[in-house]
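>>> coordinates only, sequence not included:
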């Protein structure tokens with residue numbers, strides 16, 4: 001029952017009120033009392049909180065009136081794509097379609113009368129649309145990825161090529177056949193390196209040779225980047241190298257099988273390759289390689305020293321064909337062509353020179369994109385610049401958040417897998433921050449200053465304005481990409497700002513203008529002097545990069561908690577996409593989440609890490625990492641050192657062979673009982689007498705280490721030593737793909753077969769026992785299923801990493 005309240009109807013003297021008709025004087029009336037839920041919200045909240053809530057609602061309405069809520073459409077579309085890619089398994093197509101159709105129908109049924117509800121349904125529809133686009137791209141790719149490493153004779157047509165400046169060439173081949181052995185699931189396209197060839201093969205040639213092929217690498221550690229994901233959507237099913245120089249085959253059959261589109265692409269790649277060769281013939285060394293990279297995106301020829309200097313100084317973005325290159329080329333062409341047209345008064349008065357110049361710039365950036373090799377960063381930069389130039393045709397502002405959002409929608413719709421890549425994230429983060437900052441600067445209150453208008457002061461104001469713009473651009477760009485650099489590369493560059501301040505004028509006034517003119521004159525053979533000018537500018541850039549990299553400033557951050565990246569990105573999007581004071585909520589989110597990460601204790605590093613093939617194992621202790629290899633492979637080991645922030649590496653102590661190795665190199669040879677006993681004794685002695693948390697190794701046989709907690713880890717290169725290793729160690733690791741996955745002694749065994757399914761492994765010793773973290777929990781996604789393939793039965797076995805089958809290549 002409702003609580004009743006008593007109200008006395010006693011009119012005050014002089015009030016002019018009479019007693020209600022039909023009621024005696026001083027009558028008492030009862031009525032239902034108002035519950036807490038029926039009390040208006042403004043009466044239940046403190047006055048300050050109510051005013052803040054009303055102000056927030058007013059600002060939210062202002063954001064909606066300015067169309068800012070629509071700017072979040074690529075956010076929801078990209079979030080749906082990311083959710084689908086990161087899910088543990090595929091979603092049924094019917095369920096995905098229902099998730100799209102139901103909120104889409106609700107958007108039309110709700111109408112404009114309830115904008116908040118309509119916006120919520122629209123966000124759900126975009127999220128479901130992102131899931132569907134990701135599902136469609138995965139189906140469209142359908143890349144066959146090699147299931148395990150194999151040596152075979154491979155034949156294929158060269159689609160693309162790129163040299164590294166040291167006589168090695170990297171080819172992308174469309175595979176036409178394999179033999180000895182013939183692969184049951186041959187990849188459609190591979191990358192292969194050729195060493196020692198007298199001359200490079202031409203694009204379109206069909207070559208054949210003995211090659212070692214391996215599947216694309218998975219994550220170097222759990223939660224790190226899965227390279228097989230990118231390879232799947234790039235259509236690359238294997239990587240490898242040829243044993244010696246392959247031979248060229250007759251290409252007549254391949255010529256007949258080509259389609260018109262394939263022939264056109266081949267012609268473009270051949271043109272791109274010839275442009276790169278022309279530039280490198282004029283500018284030798286790193287200078288020519290750098291110049292060719294700016295035009296054709298061929299970066300392998302740049303030496304490792306220069307590449308590392310550019311990265312450590314924060315100038316690596318110059319090498320990639322990205323927004324900077326496209327914007328400078330389009331801007332230089334646009335301004336130059338418009339100035340040229342203005343020299344003819346009749347043309348300037350009769351025709352819209354601005355739109356004509358925009359059309360010319362659009363043609364120029366389209367040609368730039370076509371010869372750039374269709375890289376991911378070039379694709380995004382081209383789409384963004386094309387939208388901005390097309391906006392000029394319709395008298396719309398070129399630099400606006402709407403244009404950035406439109407380009408993001410197009411890219412996500414075409415290639416939703418790029419949402420998870422660092423290139424997409426860093427590119428759009430920098431663009432969003434710069435455009436938002438530009439609009440804040442444009443909308444600022446400007447006060448007239450007569451002093452700044454003096455003729456003698458104007459040149460200094462212009463120079464100060466240019467360098468101030470470079471400073472702000474570098475500052476905003478650096479801060480906006482710092483979060484993504486930490487997430488993907490686990491490091492920050494401390495001196496990127498001064499390096500960019502020193503090089504941007506060189507790139508803007510020397511390198512890009514001269515390079516654009518050189519490309520225009522190249523068909524006539526008059527480009528060599530201009531490439532010399534480009535080389536002069538790039539030599540200055542390289543000198544700056546090496547100088548700044550010598551200062552140090554490469555700050556290792558390591559892996560951050562998984563929640564931090566998502567929360568910080570949400571705050572960044574609020575900060576850049578909103579225009580009212582609500583954007584400061586994004587600043588608060590970033591600040592609070594960052595402070596939380598700094599105050600919380602750092603997560604415990606693993607005690608032991610194992611690569612996905614079992615060939616590389618490392619012990620983590622005392623801010624150092626000790627591996628079982630004297631020269632560990634850079635590709636994996638560099639990622640370990642960056643993610644774990646362990647710059648110090650302890651190589652293994654090589655022993656003089658206390659054990660008796662099997663005769664020959666046949667890994668199937670078994671040790672005799674005496675040899676096993678001798679090997680067991682040698683392993684025990686090496687573990688007991690060796691330094692803790694360091695490996696002691698016998699070459700091509702075994703490595704063992706005693707951890708600080710007393711546990712013994714042994715890595716064997718030859719399966720003949722499996723028995724002694726299991727008898728003496730708590731953890732045994734081998735790259736050999738065995739038919740069993742446990743030691744009879746009870747020790748934990750990681751083999752090439754189990755690691756093929758689990759990927760890389762992290763081990764932590766806790767009070768509850770051994771804690772194991774693997775890169776893969778299930779293998780049900782398209783870019784993972786090759787790990788569950790059994791070549792003996794030509795079928796996919798149980799897709800979880802726990803299932804071990806009798807398979808091998």
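Received the coordinates, thanks. Keep in mind that what you see is a predicted model, and the values were worked out from it rather than measured.
>>> I'd guessed residue 147 sits against residue 786; true?
Yes: using CB atoms under 8 Å, residue 147 makes contact with residue 786 at a distance of 4.6 Å. C-betas here are computed from N, CA, C, even on glycine.
>>> anything in contact with each of those two?
185, 215 (CB atoms under 8 Å, 6 or more residues apart in numbering).
>>> tell me the SS of residue 105?
Of the three states, residue 105 takes helix under DSSP: H, G, I helix; E, B strand; the rest coil.
>>> pull the number of nearby residues for it.
12 (other CB atoms under 10 Å).
>>> now do it against residue 413, distance only.
Here residue 105 is placed at a distance of 21 Å from residue 413 (CB to CB, to the nearest Å).
>>> before we move on, what about residue 60?
28 Å.
>>> equivalent analysis for residue 114, please.
Taking CB to CB, one finds residue 114 at 28 Å from residue 413.
>>> in terms of neighbours, single out the busier of those two.
More crowded of residue 114 and residue 413, by other CB under 10 Å: residue 413, with 16 against 11.
>>> what strand or helix carries the more buried one?
helix 401-414 (DSSP states H and E).
>>> what comes into contact with that helix?
67, 70-71, 73-74, 77-78, 81, 130, 133, 379-380, 383-384, 387-388, 391, 418-419, 424, 428, 431-432, 435-436, 439, 577.
>>> go ahead and confirm residue 612 touches residue 757.
No: using CB under 8 Å, residue 612 makes no contact with residue 757, being 9.7 Å away.
>>> what's the burial count for residue 741?
Other residues lying near residue 741 total 16 when counted by other CB under 10 Å.
>>> please report phi then psi for it.
Main-chain dihedrals, residue 741, degrees, to the nearest 10: phi -130, psi 30.
>>> work out the gap between the strand or helix carrying residue 349 and the centre of the chain.
Assessed by DSSP H and E, residue 349 sits inside helix 345-350. Here the centre of mass of C-alpha atoms in helix 345-350, compared against the chain's by CA atoms, centre = their mean, to the nearest Å, lies 48 Å away.
>>> contacts for that helix next, please.
341-342, 353.
>>> could you dump those to a markdown table with distance to residue 364 and secondary structure?
As requested, these are arranged in a markdown table below (distance: CB to CB, whole Å; DSSP: H, G, I helix; E, B strand; the rest coil):
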| residue | distance to residue 364 | secondary structure |
| --- | --- | --- |
| 341 | 15 | helix |
| 342 | 18 | helix |
| 353 | 16 | helix |
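>>> now these: which count as buried?
By neighbour count, with 16 or more other CB atoms under 10 Å, these hold 341, 353 as buried.
>>> what about residue 631, which helix or strand?
Using DSSP H and E, no helix or strand contains residue 631.
>>> what's the local residue count around it?
By other CB under 10 Å, 8 other residues sit near residue 631.
>>> give me phi/psi at it?
Torsion angles, degrees, to the nearest 10, at residue 631: phi -130, psi 80.
>>> for it, which residues are in contact?
Here residue 631 is in contact with residue 651 (CB under 8 Å, 6+ apart).
>>> measure it to residue 278 for me?
Distance from residue 631 to residue 278, by CB to CB: 37 Å.
>>> what pLDDT is listed against residue 514?
With respect to pLDDT, residue 514 has a value of 93.
>>> what about it, how many neighbours?
So residue 514, with other CB under 10 Å, has 21 neighbours.
>>> and it, what does it touch?
530-531, 533-534, 537 are the contacts of residue 514 under CB under 8 Å, 6+ apart.
>>> ok, residue 309 next?
Residue 309 touches 542, 545-546, 548-549, counting by CB under 8 Å, 6+ apart.
>>> quick one, strands of the stretch 651-800 of the chain?
653-654, 696-698, 702-706, 712-716, 731-734, 748-750, 761-766, 769-774, 789-790, 795-796 (DSSP state E, counting those that start in this stretch).
>>> strand partners of the first one, parallel vs antiparallel please.
Each strand that strand 653-654 pairs with, and the sense of that pairing, follows from DSSP bridges: strand 696-698 (parallel).
>>> buried stuff in the partner strand?
Result for strand 696-698 [16+ other CB under 10 Å]: buried residues 696-698.
>>> in stretch 504-519, which residues are buried?
Buried residues in stretch 504-519, counted by 16+ other CB under 10 Å: 504, 506-508, 510-519.
>>> turn those into TSV, columns for distance to residue 686 and secondary structure.
Formatted as TSV, these follow (distance: CB to CB, whole Å; three-state DSSP):
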residue	distance to residue 686	secondary structure
504	56	helix
506	56	helix
507	56	helix
508	60	helix
510	60	helix
511	57	helix
512	59	helix
513	64	helix
514	62	helix
515	59	helix
516	63	helix
517	66	helix
518	62	helix
519	62	helix
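>>> just give me the closest of the residues you listed to residue 708.
residue 504 (49.5 Å; CB to CB).
>>> where does the prediction get shaky in the stretch 201-350 of the chain?
251-259 (pLDDT under 70).
>>> burial of the nearest residue to residue 704 once chain neighbours are set aside, as a residue count?
Excluding its sequence neighbours, the residue lying closest to residue 704 (CB to CB, 6 or more residues apart in numbering) is residue 714, at 4.4 Å. For residue 714, the neighbour count with other CB under 10 Å is 28.
>>> would you mind measuring from residue 714 to residue 548?
According to CB to CB, residue 714 and residue 548 sit 45 Å apart.
>>> rewinding a little: out of the contacts of residue 514, who has the most neighbours?
Neighbour counts for the contacts of residue 514 (other CB under 10 Å) peak at residue 534, which has 28 neighbours.
>>> what sits against it?
Counting by CB under 8 Å, 6+ apart, residue 534 touches 283, 291, 510-511, 514-515, 518.
>>> can you give me the domain assignment for this protein?
The chain breaks down into these domains under automatic domain parsing: 1-59, 66-141, 273-556, 562-599, 608-775.
>>> these: which one's closest to residue 249?
Among those, if distance is taken as CB to CB, the winner is domain 273-556, at 20.1 Å.
>>> now the closest one, how far from the chain's geometric center?
20 Å.
>>> much appreciated, bye for now.
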